[in-house]
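Colleague: turn this into a structure:
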Amino acid sequence: MAKTKILNVQGRKISLTRIHDDDYISITDMAKDFGGNDQIKNWIRTRRTIEFLGTWESINNPDFNMVGFHQVSLDTTTERFIISPTQWVERTNAKGIIARSGRYGGGTFAHVDIAFEFGSWLSPQFKLYLYTEFQRLKKIESNNSDLEWNVKRVLTKANYKLHTNAIRDYIIPKMNIAKQKERLIYANEADLLNMALFGYTAKEWKEANPSVTLKQANPRDYATINELAVLSSLESIHSMLIQQGLDKEQRYLILAKMASEQLTNLSKLDIMGSIKKQSELTSASSGDR
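Modeller: Residues are numbered from 1 along each chain as shown. Have a look, this model is predicted:
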């Protein structure tokens, strides 16, 4: 399970986490000031809730046990019908609700669609505050994601031309190859940087990651900010090594050593944290004008 975040809703701390690549909210935390786990049991046992959960699962869960669901639906007609979140999952193979054990991080989590439905049952006003806080957090995450994407884009392009121009002006003229094969030289030199930084070529990475290869991705698309910062540095250094006439093996040894040293040094820094802080200060300064 992913790292848990906290939603602050009217003074209440409510856990939010990622499960199955979706956001899940702790309905255990939501219910604390409304009667605790008894409220979850009272909510989930109603026919309306079972119908809602069944509809959500049928839309979002291809492995949903429809036979088990129909049996649960029939059971709701009996006066003494009781079902817990764990029993609901066991009987229907549901994925919208997940019960976790443990003193820390335990409790019942529900997909945001279901959590908001539970919130409405607890209190329409509380549900509105919860939704507003959730949207605020997602907006912050989106802004941070956009900022990181832009930083990566800048780093990827920073010294790319220095690298390719050095290949064009110093390596290709010495080789007697057809124009249409020049791209292979560029690819081989790019792989020299891949080997120095990542320890594998683009082809080796694609063979090990067939699912993302279909999206025309390459190892640099999945590199960290630190790795891209080092790559940008290596491109500049490599262009100078090419101009100095060093052979491929010599260049690789130098680049690999520098990549290792730079990654070690950068691991002690929070580059994105510093960039985000500077971005926030700039935004605040602009807003004061």
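
Colleague: show me where the chain has its helices.
Modeller: 27-31, 37-44, 47-60, 66-75, 85-92, 112-122, 124-158, 160-166, 182-197, 202-208, 210-213, 225-243, 248-266, 271-287 (DSSP state H).

Colleague: and the fifth one, average pLDDT?
Modeller: If you average the pLDDT over helix 85-92, you get 95.

Colleague: so what secondary structure elements neighbour that helix?
Modeller: helix 37-44, helix 47-60, helix 66-75, strand 97-100 (3 or more C-beta pairs under 8 Å, 6 or more residues apart in numbering; DSSP states H and E). C-beta: built from backbone N, CA, C; applies to glycine.

Colleague: show me what the first one is packed up against.
Modeller: The contact analysis (3+ C-beta pairs under 8 Å, 6+ apart) places helix 37-44 against helix 27-31, helix 47-60, helix 85-92, helix 112-122.

Colleague: could you check the angle it makes with helix 85-92?
Modeller: Per axes from the mean of the first three to the mean of the last three C-alpha atoms, to 10 degrees, the angle that helix 37-44 makes with helix 85-92 is 30 degrees.

Colleague: next one: helix 37-44 to chain centre, how far?
Modeller: Distance, stretch centre to chain centre, for helix 37-44: 32 Å (C-alpha atoms, centre = their mean, to the nearest Å).

Colleague: which non-adjacent residue is nearest residue 198?
Modeller: residue 219 (5.5 Å; C-beta to C-beta, 6 or more residues apart in numbering).

Colleague: so where's this protein shaky on pLDDT?
Modeller: Within the chain, the stretches with pLDDT under 70 are 1-2, 101-105, 143-153, 213-215, 270-289.

Colleague: contacting residues for the residue lying closest to residue 82 once chain neighbours are set aside?
Modeller: Counting by C-beta to C-beta, 6+ apart, residue 45 is the residue found nearest to residue 82 once chain neighbours are left out, at 5.7 Å. Residues near residue 45 by C-beta atoms under 8 Å, 6 or more residues apart in numbering: 76, 81-83.

Colleague: break this structure into its domains for me.
Modeller: Domains of the chain are assigned by automatic domain parsing as 5-137, 159-284.

Colleague: which of these is buried the deepest?
Modeller: domain 5-137 (a mean of 16; mean count of other C-beta atoms under 10 Å).

Colleague: start and end of that domain, how far apart?
Modeller: Length of domain 5-137, first residue to last, C-alpha to C-alpha, to the nearest Å: 9 Å.

Colleague: got it, and stretch 235-252?
Modeller: Length of stretch 235-252, first residue to last, C-alpha to C-alpha: 12 Å.

Colleague: ok, stretch 71-86 next?
Modeller: 16 Å.

Colleague: now it: how far from the chain's centre is it?
Modeller: On C-alpha atoms, centre = their mean, the centre of stretch 71-86 falls 37 Å from the chain's centre.

Colleague: likewise for stretch 90-108?
Modeller: The chain centre lies 22 Å from the centre of stretch 90-108; the measure is C-alpha atoms, centre = their mean.
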